[in-house]
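Novice: Generate coordinates for the sequence data below:
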Amino acid sequence: MIQRRQSLLVVACVLAVVCVCLRQTWLDVLQVVSAALSAYTFFLFVRNQVQDTTRRLQSSLCLANIFLILVWYVGLAVTQGQPTTVDAIPMVEAILVFLARQGILGDEKKIRATERLRD
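Specialist: Numbers count the residues shown, from 1 in each chain. A predicted model of the protein is given here:
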């Protein structure tokens with residue numbers, strides 16, 4: 001399972017938790033929700049690999065996760081002003097979630113192509 005691109009969601013979840021441990025602000029709630037969303041999206045893939053709606057849901061959840069991270073950055077800019085080194089961790093998380101979403105969409109394209117060939 002580690003070789004799948006969707007496994008990047010697990011790394012993103014770990015990064016969100018690390019960011020929460022290193023910072024102690026009200027914005028931590030967004031990071032906890034982001035970590036939970038990454039974990040849920042990943043385990044949704046593990047539990048049910050076959051269904052078409054699962055991949056669409058995963059893609060939507062990845063977009064929601066990226067949106068949460070962007071909201072976190074806006075909140076950070078409003079409250080803090082000067083970013084620190086720790087503030088770069090959620091950006092890495094957003095990139096990993098984006099790459100995982102690209103992997104999910106790539107799987108969707110492959111499955112649609114094989115379905116067209118079968119019919």
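Novice: Show the model's pLDDT score for residue 38.
Specialist: Looking at residue 38, its pLDDT stands at 79.
Novice: Which helix or strand contains it?
Specialist: Secondary structure assignment for residue 38, by DSSP states H and E: helix 28-47.
Novice: And that helix, what does it pack against?
Specialist: Contacts of helix 28-47 with other secondary structure elements, assessed using 3 or more C-beta pairs under 8 Å, 6 or more residues apart in numbering; DSSP states H and E, are made with helix 8-22, helix 52-79, helix 89-118. All C-beta atoms are positioned from the backbone trio N, CA, C, and that covers glycine.
Novice: so of these, which one's packed in deepest?
Specialist: Comparing the helices and strands packed on helix 28-47 by mean neighbour count (mean count of other C-beta atoms under 10 Å), helix 8-22 comes out on top with a mean of 20.
Novice: now that helix: mean pLDDT?
Specialist: Averaging the model's pLDDT scores along helix 8-22 yields 70.
Novice: export the helices and strands packed on helix 28-47 to JSON lines and tack on distance to residue 40?
Specialist: Listed next are the helices and strands packed on helix 28-47 as JSON lines, based on distance: least, C-beta to C-beta, whole Å:
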{"stretch": "helix 8-22", "distance to residue 40": "9"}
{"stretch": "helix 52-79", "distance to residue 40": "7"}
{"stretch": "helix 89-118", "distance to residue 40": "12"}
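Novice: Relative to residue 37, which of those helices is closest?
Specialist: With C-beta to C-beta as the criterion, residue 37 lies closest to helix 52-79 of those, at 4.8 Å.
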